[in-house]
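Asker: sequence below, structure please.
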Amino acid sequence: MGILTYKNLNQFFIECLEKYSQSLSKEAIFYLSEVLSSVILPDSPLSQFMEEYIEKPLGSMLNEAVGMEDDFSRFRLYKNLGDFCTILGGLYETERIDDRIIVCFGQNGYMGASRYYPWKGCMSVYPELSYKFPEVIGSLKRIRHDNNNRSMFDILEEYKRTKDIHVLEILPESGIIPSNKNC
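Answerer: Okay, the predicted model is just below:
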């Protein structure tokens, strides 16, 4: 295996998604790279959401989003559900959950986020992510199963599980050399 060098995990995910994804816009690829890169940062809002919701069924997350009173809270929960399903279906082996269920909830999460997107003057990537969610998950699975990248995902899973910053020092052995320790 050759050594791959990337400035950060964002760049790694952008290049992989561009390679494996056929029809995602640059905006969607950038958004997904941000989501995927933030999962290892314990203080990121997505990591905190995952800690809170990791044991909850996907149906409960969707039900909570539907039941929210204000639009911004509803948007945030729908968006987090889509992001959570992106990570769950794309980065992790999910033997107990059928991929079709993850795709269904991910699509619903991003579709709900697109309905309640609070910045009406801005273009949103959420409709695209909802419509193309099966492609997103397929692309992430191809990245994960690529022999050059499999061990990196194992390392990220170990870091997420243990929160041991020293685990990130193993990344160069898997062919990824981040420019800083925060990735």
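Asker: where does pLDDT dip in this structure?
Answerer: 1-7, 40-42, 44, 46-48, 50, 53-54, 118-123, 147-155, 157-160, 162-183 (pLDDT under 70).
Asker: show me where it has strands.
Answerer: Secondary structure of the chain (DSSP state E): strands located at 4-5, 176-177.
Asker: for residue 26, give its distance to residue 32.
Answerer: The spacing between residue 26 and residue 32, counted by CB to CB, to the nearest Å, is 11 Å. For glycine as for every other residue, the C-beta is placed from the backbone atoms N, C-alpha and C.
Asker: when these two are compared, which one has more neighbours?
Answerer: Between residue 26 and residue 32, counted using other CB atoms under 10 Å, residue 32 has the larger neighbour count: 24 against 11.
Asker: residues touching the more buried one, list them.
Answerer: Counting by CB atoms under 8 Å, 6 or more residues apart in numbering, residue 32 makes contact with 13, 17, 24, 86, 129, 136.
Asker: and if you look at residue 82?
Answerer: 106-107, 109-110, 112-113, 126, 129-130, 133.
Asker: quick check, nearest of those to residue 74?
Answerer: Residue 74 has its nearest neighbour among the contacts of residue 82 in residue 112, at 7.1 Å by CB to CB.
Asker: my guess is that closest one meets residue 74, correct?
Answerer: Yes: counting by CB atoms under 8 Å, residue 112 touches residue 74, with 7.1 Å between them.
Asker: what's the overlap in contacts for these two?
Answerer: Contact with both residue 112 and residue 74 is made by residues 65-66, according to CB under 8 Å, 6+ apart.
Asker: between those two, which is the more surrounded one?
Answerer: The neighbour count for residue 112 versus residue 74, taken as other CB under 10 Å, is higher for residue 112 (23 against 20).
Asker: any figure for the gap between the more buried one and residue 15?
Answerer: From residue 112 to residue 15 the distance is 30 Å (CB to CB).
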